[in-house]
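K.L.:
Just a sequence and a predicted model for now, questions to come.
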Amino acid sequence: MSADDLALRCATQDLYSSHSGWLLGWLRRRLQCHSDAADLVQDTFVRVIKGRRALDIREPRQYLSTVAKGLVIDLFRRRALEQSYLQALAALPVDEYPSEETQAIVLETLMEVDRMLDSLGDKVRQTFILSQFEGLSYPRIAERQGISLRTVNNHMAKAIEHCCLIRMGLL
């Protein structure tokens, strides 16, 4: 193990030892759920480890709370998406109900698409959704959104490029 790796490892351990208890309490007060808070503490430190930034953190509590806030938002978004999916499933006739494996795959795919679309601008995201999920033609999207056909083309190109870059791990 190199000296840099050892220093990073020590800094991460010190950060965890010094602040994980504080972060757990901070999250528990906000979530009112010990198990969710404990999970998010671990997820927060996984992000710190993956980012290899422990040596650069000057305001640990501010940094950790910022990371944790993003994870809380992700948790609530994921739960809302899951609830919407379960409601859609409940509306299906019993003979069309997908297997548990298919449900898990669909839910995982929905979450991945949600993550991909999250970082797009509102207009680009809405254009993509209207095209890909509602099946509207580009002229119909332009009419519905009050934008030009050229803008619809530009939005779609941007959305598709963005999704491809994320899928390739470049964003």
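P.N.:
Arrived safely, thanks for sending. Numbering: from 1, shown residues only.

K.L.:
Now do the buried residues in the host helix or strand of Arg79.
P.N.:
For Arg79, the host element (DSSP states H and E) is helix 60-90. By neighbour count with 16 or more other C-beta atoms under 10 Å, helix 60-90 contains the buried residues Pro60, Tyr63, Leu64, Ser65, Val67, Ala68, Leu71, Val72, Asp74. In short, each C-beta sits where N, CA and C put it, glycine included.

K.L.:
per-residue confidence averaged over the helix or strand just after that helix?
P.N.:
Once helix 60-90 ends, the next helix or strand along the chain (criterion: DSSP H and E) is helix 100-118. On average, the pLDDT along helix 100-118 is 87.

K.L.:
what is the orientation angle of the helix or strand just after helix 100-118 with helix 100-118?
P.N.:
Where DSSP H and E defines the elements, the next helix or strand beyond helix 100-118 is helix 122-132. Relative orientation of helix 122-132 and helix 100-118, computed by axes from the mean of the first three to the mean of the last three C-alpha atoms, to 10 degrees: 140 degrees.

K.L.:
What helices and strands are in contact with helix 122-132?
P.N.:
helix 100-118, helix 138-145, helix 149-167 (3 or more C-beta pairs under 8 Å, 6 or more residues apart in numbering; DSSP states H and E).

K.L.:
any residues touching it, and which ones?
P.N.:
Helix 122-132 is contacted from outside by 117, 120, 136, 138, 140-141, 144-145, 147, 152, 155-156, 158-160, 162, using C-beta atoms under 8 Å, 6 or more residues apart in numbering.

K.L.:
sorry, back to before: can you tell me which of the helices and strands packed on helix 122-132 is nearest to Tyr85?
P.N.:
Between Tyr85 and the helices and strands packed on helix 122-132, the shortest separation by C-beta to C-beta is 5.7 Å, and it involves helix 100-118.

K.L.:
tilt between that closest one and helix 149-167?
P.N.:
120 degrees.

K.L.:
now the angle from the helix holding Arg79 to helix 100-118?
P.N.:
130 degrees.

K.L.:
Redo the helices and strands packed on helix 122-132 as a markdown table? Include distance to Leu130 and mean neighbour count.
P.N.:
Listed next are the helices and strands packed on helix 122-132 as a markdown table, based on distance: least, C-beta to C-beta, whole Å; neighbours: other C-beta atoms under 10 Å:
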| stretch | distance to Leu130 | mean neighbour count |
| --- | --- | --- |
| helix 100-118 | 12 | 13 |
| helix 138-145 | 5 | 16 |
| helix 149-167 | 9 | 16 |
